[in-house]
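Engineer: For reference, the sequence and a predicted model appear below.
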Amino acid sequence: MGRAAIGVVGAGAWGTALAQMLASDGRDVVLWARETELVEAVNTSHRNPLFLPSATLSQSIRATGDLSELAALPILLIVTPAQHLGVTLRALPGFAGDLVLCAKGIEAGTGRLMADVARDAAPSAQLAVLSGPTFAHEVAAGLPTAVTLACGHGEAQWQRLSAAIARPQFRPYYSDDMIGTEIGGAVKNVLAIACGVVDGLRLGQNARAALIGRGFAEMQRFGLALGAMPETLAGLSGLGDLVLTCSSTASRNYSLGKALGEGASAASVMADRTTVAEGAFTAPVLAEIARQRGVSMPIVDAVRALLAGTMPAGEMVTALLSRPLRAE
């Protein structure tokens, strides 16, 4: 008997890259895409011209626009934008297999992490979170990548999922800390915008390194306040992902910040983007949760003000530098 197909919900750059990685050993992968023209392009020319034009996709990837075709598969990777996760999962009523959450963000309006959204929308599913330092084009090209795979149902679920997901160039590490794994991915998106601003203003590598270090301190404070494990935050899905996305224009969040640092308005940059910079949606709700919890996150607060248009990029940096001197 052949191996069951794996479903990937969401055909953006990251979803397509994950589908390509899963298909690298010939496994059948069903890729759900919202755009009709994208379904046709994947199935006829084996390309994703909208979101991952650099990759020639495996012929064992089949695209569909009908979400119900994935409902009977045992494993689904959910790679929709964070703000669309709930509505997408509600279109899969009764799904009881393994649901691997790959979106990085916090739901605007409710302040819920993705696992909390998924528990409400798909209460019968077995939840896990996949996160880490991953640029989509590198994963699609088969370059070495390591991620955290946090399983909400313990080692039995880890055995199932690691056997299905691991590939020679894609190495998952086990965790049972879904909260910490999610928080690392959500917070680093906001911090990556700040690092992009620093580079857009040409403030130098010293300043960027300082921001990464102080940003990581904010991530730790926030994560620990919500029950994350410190080793998770210091691992691949926290510090590892932070370092990657704070230093390259391949990061959508970093490139957004860089454009803001160079003088563009948030509204104009966001309107011109075909891909989602999750940190722009996460910053306001993250700052509000931190305020409610009494967690100091000055960098996150500054990014929120910048995105809202109430503080220019130069003033944002000045405000951070003029904070009272204190112990590290």
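Structural biologist: Perfect, I can see it now.

Engineer: and S58, which of the three is it?
Structural biologist: coil (DSSP: H, G, I helix; E, B strand; the rest coil).

Engineer: Repeat that for the one 10 residues further on.
Structural biologist: Local secondary structure at S68 is given as helix here, using three-state DSSP.

Engineer: Identify the residues contacting it.
Structural biologist: L92 (CB atoms under 8 Å, 6 or more residues apart in numbering). Just so you know, the C-beta spots here come from the backbone N, C-alpha and C atoms, and that holds for glycine as well.

Engineer: how is this protein carved up into domains?
Structural biologist: The chain breaks down by automatic domain parsing into domains covering 6-176, 182-321.

Engineer: looking at those, which has the lowest confidence?
Structural biologist: For the domains of the chain, mean pLDDT drops lowest on domain 182-321, to a mean of 92.

Engineer: tell me how far the ends of that one are from each other?
Structural biologist: End-to-end distance of domain 182-321 (CA to CA, to the nearest Å): 29 Å.

Engineer: who's in contact with stretch 295-315?
Structural biologist: Contacts of stretch 295-315 (CB under 8 Å, 6+ apart): 187, 190-191, 193-194, 197, 200-201, 211, 214-215, 218, 221-222, 225, 257, 260-261, 263, 265-267, 279-280, 283-284, 286-287, 289-290, 316, 319-320, 323.

Engineer: Then stretch 107-118?
Structural biologist: 78, 82-83, 85-86, 89, 99, 101, 103-106, 120, 125, 127, 129, 152, 178-179, 182-183, 186, 281-282, 284-285, 288-289.

Engineer: phi, psi of the residue nearest to L244 when sequence neighbours are not counted?
Structural biologist: Closest residue to L244 in three dimensions, ignoring its sequence neighbours and counting by CB to CB, 6 or more residues apart in numbering: P133, at 3.8 Å. Here is the backbone geometry of P133 (degrees, to the nearest 10): phi -80, psi 100.

Engineer: D98 too?
Structural biologist: Dihedral angles (degrees, to the nearest 10) for D98: phi -80, psi 120.

Engineer: Could you do the one 10 residues further on as well?
Structural biologist: Reported as degrees, to the nearest 10, the phi and psi values for A108 are phi -70, psi 140.

Engineer: Check L201 too.
Structural biologist: Per degrees, to the nearest 10, the backbone of L201 is at phi -80, psi 0.

Engineer: From A209, how far off is the nearest residue to it once chain neighbours are set aside?
Structural biologist: Excluding the flanking residues, the one nearest L201 by CB to CB, 6+ apart is G261, at 4.4 Å. Computed as CB to CB, to the nearest Å, the G261 to A209 distance reads 16 Å.

Engineer: When the two are compared, which one has more neighbours?
Structural biologist: G261 (25 against 14; other CB atoms under 10 Å).

Engineer: hmm, back to that, report whether the expected contact of the residue nearest to L201 with D199 is present.
Structural biologist: Yes. Here G261 lies in contact with D199, judged by CB atoms under 8 Å, at a distance of 6.5 Å.

Engineer: anything in contact with each of these two?
Structural biologist: Going by CB under 8 Å, 6+ apart, no residue sits against G261 while also sitting against D199.

Engineer: for the stretch 1-150 of the chain, what spans make up the strands?
Structural biologist: In the stretch 1-150 of the chain, the strands defined using DSSP state E, counting those that start in this stretch lie at 6-9, 29-32, 61-64, 75-78, 98-101, 126-131, 145-151.

Engineer: Among the contacts of stretch 295-315, name the ones in helices.
Structural biologist: Among the contacts of stretch 295-315, the members falling in helices (DSSP state H) are 187, 190-191, 193-194, 197, 200, 211, 214-215, 218, 221-222, 225, 257, 260-261, 266-267, 279-280, 283-284, 286-287, 289-290, 316, 319-320.

Engineer: Now which of those would you call buried?
Structural biologist: 187, 190-191, 193-194, 197, 200, 211, 214-215, 218, 221-222, 257, 260-261, 266, 279-280, 283-284, 286-287, 289-290, 316, 320 (16 or more other CB atoms under 10 Å).

Engineer: what's the neighbour count on I183?
Structural biologist: I183, neighbours per other CB under 10 Å, totals 29.

Engineer: residue contacts, the residue nearest to it when sequence neighbours are not counted?
Structural biologist: Excluding the flanking residues, the one nearest I183 by CB to CB, 6+ apart is G223, at 4.5 Å. Contact analysis of G223 by CB under 8 Å, 6+ apart lists I179, G180, I183, G184, V187, P230, T232, L233, G238.

Engineer: so what's the spatially most central residue of the chain up against?
Structural biologist: A centroid search over the chain (CA atoms, centre = their mean) returns K104, at 3.1 Å, as the residue closest to the centre. When contacts are counted by CB under 8 Å, 6+ apart, K104 touches A82, M114, S131, E182, G185, A186, K188, N189, E278.

Engineer: quick one: which of those is nearest F95?
Structural biologist: Using CB to CB, M114 comes nearest to F95 of these, at 15.4 Å.
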